[in-house]
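Asker: this one's sequence-less:
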């Protein structure tokens with residue numbers, strides 16, 4: 001097998017996808033297939049190197065605790081050997097989600113967890129989740145990309161994978177802009193984070209509270225803060241300086257996150273403005289408002305209230 005890169009030929013992408021059952025591995029593999037990767041799901045770890053071979057097509061291989069002969073230590077040894085090759089670039093992706101989210105997904109689909117002990121359907125799912133998490137812990141630690149789908153709608157997951165694994169032939173750098181709320185934690189994929197909580201908060205205005213940063217009254221309220229314009233100039237000035245340098249270093253994707261208390265007003269407004277600014281500069285931009293995929297924390301779900309995003313990954317995959 002030729003394990004040396006051919007002169008002038010880019011290294012072929014090899015992606016190993018693993019993670020917890022129900023966390024979205026199948027969705028990641030489908031997206032990679034749409035991006036042009038040959039995909040293989042759940043082969044025995046012993047044949048992974050043969051599957052990679054020495055072809056030219058990018059390949060994505062799904063492997064988890066269901067695979068015959070699966071051992072995390074063996075998969076790590078395979079990964080180490082693949083990373084020694086010069087003709088390929090190997091990435092380990094680990095999909096995860098919070099236990100409560102995984103429990104809900106298995107409950108909604110009424111599927112048995114592959115590692116759950118025998119018994120009534122769904123009755124021992126927590127045991128299966130715990131066993132699988134322990135088995136896969138070494139792979140989570142070794143992962144190059146950790147994808148937490150707990151609060152991630154399926155379209156956002158697709159965009160994240162597309163941004164990370166866009167073919168080398170695609171020119172330029174793709175920039176992800178994400179608004180979020182701090183109570184739910186930082187987006188795991190964030191590389192640059194800006195805190196918007198210093199700006200005046202529309203939440204305390206009863207008329208503005210039900211709105212979002214996409215609405216003109218909220219935008220006017222936030223932009224009237226005397227510190228908004230100086231901050232905006234400094235942030236965009238910093239990014240306008242940094243982004244070309246990242247491209248010069250060969251970076252293909254960058255994720256910028258903007259957070260506030262609830263993730264629905266200030267961060268949304270600034271993310272909208274930043275995405276428009278970057279697009280006007282010629283950058284390819286993906287805009288995601290994480291908390292707008294779910295109802296406000298103070299709201300109670302009822303008739304007519306959309307819970308978009310929480311059901312987008314409801315099937316274990």
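Answerer: That came in fine, so what should we check first? No experiment lies behind these values; they were computed from the predicted model shown. Numbering: from 1, shown residues only.
Asker: quick one: pLDDT of the closest residue to residue 79 other than its chain neighbours?
Answerer: Spatial nearest neighbour of residue 79, excluding adjacent residues (Cβ to Cβ, 6 or more residues apart in numbering): residue 92 at 6.0 Å. Quick note: C-beta positions are derived from backbone N, CA and C, even for glycine. Model confidence at residue 92, given as pLDDT, is 95.
Asker: run the chain-centre distance for the helix or strand hosting residue 92.
Answerer: Taking DSSP states H and E as the criterion, residue 92 maps to strand 88-96. Using Cα atoms, centre = their mean, to the nearest Å, the distance from the centre of strand 88-96 to the centre of the chain it belongs to is 12 Å.
Asker: the helix or strand just after that strand - what's its average pLDDT?
Answerer: Next along the chain after strand 88-96, taking DSSP H and E as the criterion, comes helix 99-109. Averaging pLDDT along helix 99-109 yields 82.
Asker: chain center to helix 99-109, what's the gap?
Answerer: Its chain's C-alpha centre and that of helix 99-109 lie 19 Å apart, by Cα atoms, centre = their mean.
Asker: what is it packed up against?
Answerer: Under the contact definition 3 or more Cβ pairs under 8 Å, 6 or more residues apart in numbering; DSSP states H and E, helix 99-109 sits against helix 125-142.
Asker: other SSEs contacting the helix it packs on?
Answerer: strand 12-19, helix 72-83, strand 88-96, helix 99-109.
Asker: so residue 254: helix, strand or coil?
Answerer: strand (DSSP: H, G, I helix; E, B strand; the rest coil).
Asker: now the residue lying farthest from the centre of the chain: phi and psi?
Answerer: The C-alpha centroid of the chain is most remote from residue 226, which lies 34.6 Å away (Cα atoms, centre = their mean). Backbone torsions of residue 226, given as degrees, to the nearest 10, read phi -60, psi -20.
Asker: who does the residue nearest to residue 79 form a beta bridge with?
Answerer: Beta-bridge pairing of residue 92 under DSSP bridges involves residue 16.
Asker: tell me where the protein has helices.
Answerer: With helices called from DSSP state H, the chain shows them at 25-34, 48-52, 72-83, 99-109, 125-142, 154-165, 216-223, 228-248, 266-280.
Asker: out of these, which comes closest to residue 293?
Answerer: Nearest to residue 293 among the helices of the chain is helix 154-165 (7.4 Å), distances taken as Cβ to Cβ.
Asker: name the helices or strands packed onto that closest one?
Answerer: Looks like helix 154-165 contacts helix 25-34, strand 145-148, strand 174-181, strand 253-260, strand 284-289 (3+ Cβ pairs under 8 Å, 6+ apart).
Asker: can you rerun that using 7 Å?
Answerer: The contact analysis (3 or more Cβ pairs under 7 Å, 6 or more residues apart in numbering; DSSP states H and E) places helix 154-165 against helix 25-34, strand 284-289.
Asker: centre of the chain versus it, how much separation?
Answerer: Relative to the mean C-alpha coordinate of its chain, helix 154-165 is positioned 6 Å out (Cα atoms, centre = their mean).
Asker: same thing with stretch 220-236?
Answerer: Relative to its parent chain, stretch 220-236 has a centroid offset of 29 Å by Cα atoms, centre = their mean.
Asker: residues of that stretch that come out buried?
Answerer: The neighbour-count check on stretch 220-236 (16 or more other Cβ atoms under 10 Å) flags 221-222, 228, 235 as buried.
Asker: now that stretch: average pLDDT?
Answerer: 97.
Asker: and that stretch, how far apart are its ends?
Answerer: 19 Å (Cα to Cα, to the nearest Å).
Asker: what of stretch 44-54?
Answerer: End-to-end span of stretch 44-54 (Cα to Cα): 19 Å.
Asker: got a list of contacts for that stretch?
Answerer: Outside stretch 44-54, the residues that touch it by Cβ atoms under 7 Å, 6 or more residues apart in numbering are 1-2, 14, 40, 43, 59, 61, 63, 67-70, 74-75, 78, 81-82, 87-88.
Asker: looking at stretch 260-271 now, give me its mean pLDDT.
Answerer: 97.
Asker: mind listing what's buried in that stretch?
Answerer: So stretch 260-271, judged by 16+ other Cβ under 10 Å, has buried residues 260-271.
Asker: same question for stretch 52-64.
Answerer: Here stretch 52-64 shows 52, 58-64 as buried, counting by 16+ other Cβ under 10 Å.
Asker: so which of these are in strands?
Answerer: If you go by DSSP state E, those have 59-62 in strands.
Asker: between those, which sits nearest residue 278?
Answerer: residue 60 (29.0 Å).
Asker: return the residues in contact with that closest one.
Answerer: Residue 60 neighbours (Cβ under 7 Å, 6+ apart): 15, 17, 29, 32, 37, 39.
Asker: export the buried residues of stretch 220-236 to CSV and tack on distance to residue 251?
Answerer: CSV is the format used below for those (distance: Cβ to Cβ, whole Å):
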residue, distance to residue 251
221, 35
222, 30
228, 29
235, 19
